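J.: A structural model of the following input is requested.
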Amino acid sequence: MSNNLYEIKNISKIYGHGRGATQALNSINLTIEEGKLTAILGPSGSGKSTLLNILGALDKPTSGHVLFLGEDISNYSNKELSKFRRENIGFVFQSYNLLPNLTALENVEFSTEITGLPKENAENALKLLGLENRIKHYPTELSGGEQQRVSIARAIAKKPKVVLCDEPTGALDNKTGIMALKTLRDLNRDFGTSIVLITHSKEISKMADTVIKILNGEVVERFDIENPLNPEYIEW
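T.: So this is what the prediction gives:
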C-alpha cells in the first residue's frame, strides 16, 4: 500500500500567453511521503512557491496531474478545491496574515468555525504551542515569534492532513525563527503531521527527512536525510 501523500505527475505551470508567457514549472515529477517533514529547496524565482500553491490547491497546473492520497485533484472545480483546502490543508506563510481586530484565540477560532470544528480545538492548539497566556492578546501585542506561532496554531487547529509552509522564518530573527522551526518539527515528530516546508536556506533544509531541490522550474535533486538536524543547531 502506498504511503505517498502527494504524487506529482508531469506538471507544468505557465503564466501568460504568447511572447509574454513565463514557464514557472516544467514537467515536474515527484512524490511526497505521508508523515514526513519534506523541504522544497531553491533560490528565489525557482518555482518552489508555485509548486506549493499547486500542492495547496490555491492554483492549478497548466498540464499534468496532482494526486493527493491517490485521488486526482487536478480537474476539481473551484468549489471542490475550496472544500479540499478546508478539509485537508493548513497553511503557514512568511507574513502571519492575522486579523488585527481579533485576539489570538479569535484568529484561530475563525479557522475552526469555517471547517465546522469545535471551538475548543482553537484553544487546545494555542496551548500546544505554549500560548495559553496570550490567547486574549491582539496581534500588535504579540512578538513576531508569537504571531507566527498563532499562525501555526491556526493551521493545525482544524487537524489538517498536511501543513504547507512558505518561508515561515522569513520575517523572523534567528532566535524566533528557530523556535518556529522547532514547533513544526515537534508537530511532525510528536503527532505525525505531514509538513512541507518551502525554503531558500540550505541550512534550514537540513532539518527535513527529505529534501527536494528545484531550479528553474525543474526538480534537479531529491534525497533523504538519515539524521535530520535539530533546529536548535541551525544557523542562517
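J.: now the helices for the protein?
T.: All helices of the chain, identified by DSSP state H, fall at 48-55, 78-88, 104-115, 120-128, 144-157, 174-191, 202-205.
J.: so which of those is the most packed in?
T.: A comparison of the helices of the chain by mean neighbour count, using mean count of other C-beta atoms under 10 Å, puts helix 144-157 on top with a mean of 24. C-beta coordinates here come from the backbone N, C-alpha and C atoms, glycine included.
J.: Need the contact partners of it.
T.: 90-93, 96-98, 104, 107-108, 110-112, 117, 121-122, 124-126, 128-131, 134, 139, 142, 163, 168, 171-173, 175-177, 179-180, 183-184, 187, 193 (C-beta atoms under 8 Å, 6 or more residues apart in numbering).
J.: residues in contact with the nearest residue to Phe84 once chain neighbours are set aside?
T.: Once flanking residues are discounted, Phe84 sits nearest to Ala57: 5.2 Å by C-beta to C-beta, 6 or more residues apart in numbering. Contacts for Ala57 were tallied using C-beta under 8 Å, 6+ apart; they are Ile73, Tyr76, Leu81, Phe84, Arg85, Ile89.
J.: ok, the residue positioned nearest the centre of the chain - contacts?
T.: Centroid check for the chain by C-alpha atoms, centre = their mean gives Leu164 as the closest residue, at 1.3 Å. Applying C-beta under 8 Å, 6+ apart to Leu164 gives the contacts Leu52, Leu55, Gly56, Ile89, Gly90, Phe91, Val92, Val196, Ile198.
J.: how many neighbours does the fifth one have?
T.: In terms of burial, Gly90 registers 26 neighbours under the definition other C-beta atoms under 10 Å.
J.: do the same with Pro139
T.: Counted with other C-beta under 10 Å, the neighbours of Pro139 add up to 19.
J.: what about the closest residue to it other than its chain neighbours, distance to Leu52?
T.: Residue nearest to Pro139 in three dimensions, not counting chain neighbours: Leu98, with 4.4 Å by C-beta to C-beta, 6+ apart. Distance of Leu98 to Leu52, given as C-beta to C-beta, to the nearest Å: 20 Å.
J.: same deal with Ser143?
T.: For Ser143 relative to Leu52 (C-beta to C-beta), the value is 26 Å.
J.: cool, and Ser74?
T.: Applying C-beta to C-beta, the value for Ser74 to Leu52 is 16 Å.
J.: just Thr38 next, same as before
T.: Applying C-beta to C-beta, the value for Thr38 to Leu52 is 11 Å.
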